[in-house]
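S.K.: Would you be able to build a 3D model of this:
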Amino acid sequence: MLLLLLLLAWVTAVATGWQQQWPNDFSAFYFAARGLVHFGFPLTRDLYSLSTQYALEAAVKGRGGTLTIPFVNPPIAAWVILPFSYLSLRDAFWCWDAVALAGCAGGLWWIVRQRPDVPGIWLLALGALAGYPTYIALGQGQFDLLWPLGAALAMSAATVAGAQRWAPRAATSALFLALKPDLFLGLVVPALSRWRDRRVQVFVLALFLLGVGTFFDLGVAGVRQAVHLETYTLAQRFPPTNDVTALGFFWRLLGPGSLASTLGLLAIPLGLALQSLAWAHRPPRSEADWWWALTSSLCLSLLIAPHDLTQGLMLLAPAAVWSGLALRTQGRPLTGLALWMLVLNLAALLDLSPHLDLPIKATPLVLAAAAVTAWRQVGGAVVRHGEKSPRESR
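M.R.: Below you'll find the predicted structure:
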């Protein structure tokens, strides 16, 4: 009941506009989609031109002015918002939030329904849904609320038989990843370790085809504009001061500058190298091992992401459920996992608090500790009688 009240409080705060930023991140997706509606898909190649974005926002608002939020996501982010762009900005935002929250809850429900007999797992999923990252994602109208649904599709694709059933699910889950591909670097090593799995091949093929289609849609000039706008946004417009990543950690610790940026970016190859060594030394074998390994990978992925804010922590909502399933498989209680979830929420609150100016960011430290802790559980899982590991079932 308390978790439901907390979720209701988040929704009420956003719906009433209490202490909410407006216009928010959703406006960038909305103005880009409105441009596609009015000028057609050939405009996609110009979506990353600042002058075009200024003109689109001015046309919708009916006046000029500064650009609220630059559109820097892949074009698919504008395509997804197309149905909502026929509404006014405020109505579109509310409708999108309702759909995204339903997708988030539905994704967690779908994951739990695949293991409905596990005690306490429903409460764990509700705790993940009622977390502080949900509030931030709702307030910004961000795509991060869709991560549990994408994870549910991928999990379902891994468990059903028949290519006609799992192939569409694997391909569709890849489209979710394409909305913010920079958040998923930590999945490269797990994907390579299962490269012979046809599901992984379909997943990668869907991403490849979308990438090729996007390239031809944008053209060379459009790709250059996209890279330039992304660099400008991250370096000047929205520097990583509030990022929950290693880059944000070093920016807070050392202050803005080349040293902090270099150390933050070095975390990407270093993190992937350490992850590769860990997987080579102790690859996951049982189903529970894979849940722990994927949880660790998602924590690492958020830590080394080039850019990520608090709403990106929604990626850990399905990971929380997977960890709970792994604990129950091992006959262990969920209390420790609930404490980890509480600590992560408190760290995010501390990092965003306007009343505290801590010398370091807490969230990246919690993510690093969670990645290591989850990985240390790999190899200790108990495989139930008759259960086959992923390697044995190939």
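
S.K.: Quick check: the residue nearest to S276 when sequence neighbours are not counted vs W195, distance?
M.R.: Of all residues not flanking S276 in the chain, V189 sits nearest, at 5.4 Å (Cβ to Cβ, 6 or more residues apart in numbering). Where C-beta positions appear, they are placed from N, C-alpha and C, glycine not excepted. Taking Cβ to Cβ, to the nearest Å as the measure, V189 falls 11 Å from W195.

S.K.: Neighbour count: those two, which is higher?
M.R.: The residue with more neighbours, out of V189 and W195, is V189; 21 against 9, by other Cβ atoms under 10 Å.

S.K.: Could you identify the longest helix within the chain?
M.R.: helix 198-232 (DSSP state H).

S.K.: can you pull the buried residues of that helix?
M.R.: 199-200, 202-203, 206-207, 210, 214, 218, 222, 225-226, 229-230 (16 or more other Cβ atoms under 10 Å).

S.K.: quick one: contacts for L367?
M.R.: V244, C299, L300, L302, L303, L344 (Cβ atoms under 8 Å, 6 or more residues apart in numbering).

S.K.: on that earlier part again, so what's the gap between the longest helix of the chain and the chain middle?
M.R.: Using Cα atoms, centre = their mean, to the nearest Å, the mean C-alpha position of helix 198-232 is found 18 Å from that of the whole chain.

S.K.: And for stretch 155-166?
M.R.: For stretch 155-166, the distance to the chain centre is 23 Å (Cα atoms, centre = their mean).

S.K.: Please apply the same query to stretch 364-374.
M.R.: On Cα atoms, centre = their mean, the centre of stretch 364-374 falls 17 Å from that of its chain.

S.K.: now do stretch 290-300
M.R.: The answer for stretch 290-300 is 14 Å, by Cα atoms, centre = their mean.

S.K.: can you check stretch 79-92 too?
M.R.: The answer for stretch 79-92 is 22 Å, by Cα atoms, centre = their mean.

S.K.: now could you export just the CA positions of it as PDB?
M.R.: What follows is stretch 79-92, C-alpha atoms only, in PDB (Å, rounded to 0.1, in the frame of the first residue of the first chain):
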ATOM      1  CA  TRP A  79       9.200   8.500 -35.300                       C
ATOM      2  CA  VAL A  80       7.800   7.000 -32.000                       C
ATOM      3  CA  ILE A  81       6.300  10.400 -31.000                       C
ATOM      4  CA  LEU A  82       4.600  10.900 -34.400                       C
ATOM      5  CA  PRO A  83       1.100   9.800 -33.200                       C
ATOM      6  CA  PHE A  84       1.300  12.300 -30.300                       C
ATOM      7  CA  SER A  85       2.400  15.200 -32.300                       C
ATOM      8  CA  TYR A  86      -1.100  15.900 -33.500                       C
ATOM      9  CA  LEU A  87      -2.000  17.100 -30.000                       C
ATOM     10  CA  SER A  88      -0.900  20.200 -28.300                       C
ATOM     11  CA  LEU A  89       2.500  20.000 -26.500                       C
ATOM     12  CA  ARG A  90       0.900  19.700 -23.000                       C
ATOM     13  CA  ASP A  91      -1.700  17.100 -24.000                       C
ATOM     14  CA  ALA A  92       0.900  15.100 -26.000                       C
END
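
S.K.: Going by neighbour count, which of the contacts of L367 comes out on top?
M.R.: Going by other Cβ under 10 Å, V244 tops the contacts of L367 with 30 neighbours.

S.K.: before we move on, which element is the residue nearest to that one when sequence neighbours are not counted in?
M.R.: Excluding its sequence neighbours, the residue lying closest to V244 (Cβ to Cβ, 6+ apart) is T363, at 4.1 Å. Using DSSP states H and E, T363 maps to helix 362-376.

S.K.: now do A347
M.R.: helix 335-352.

S.K.: what angle sits between that helix and helix 362-376?
M.R.: Orientation check (axes from the mean of the first three to the mean of the last three Cα atoms, to 10 degrees): helix 335-352 against helix 362-376 gives 160 degrees.

S.K.: chain center to helix 335-352: distance?
M.R.: With Cα atoms, centre = their mean, you get 17 Å for helix 335-352.

S.K.: before we move on, back to that, okay, the contacts of L367 in CSV with pLDDT next?
M.R.: Listed next are those as CSV, based on pLDDT from 0 to 100:
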residue, pLDDT
V244, 94
C299, 97
L300, 97
L302, 97
L303, 97
L344, 97
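
S.K.: Isn't V160 up against A170?
M.R.: No: contact criterion Cβ atoms under 8 Å: V160 and A170 do not qualify, at 10.1 Å.

S.K.: ok, those two, which is more surrounded?
M.R.: A170 (24 against 14).

S.K.: looking at it, the more buried one is touching L205, isn't it?
M.R.: No: using Cβ under 8 Å as the test, A170 is too far from L205 to be in contact (9.2 Å).

S.K.: one step back: nearest to G107, of the contacts of L367?
M.R.: L302 (17.6 Å; Cβ to Cβ).
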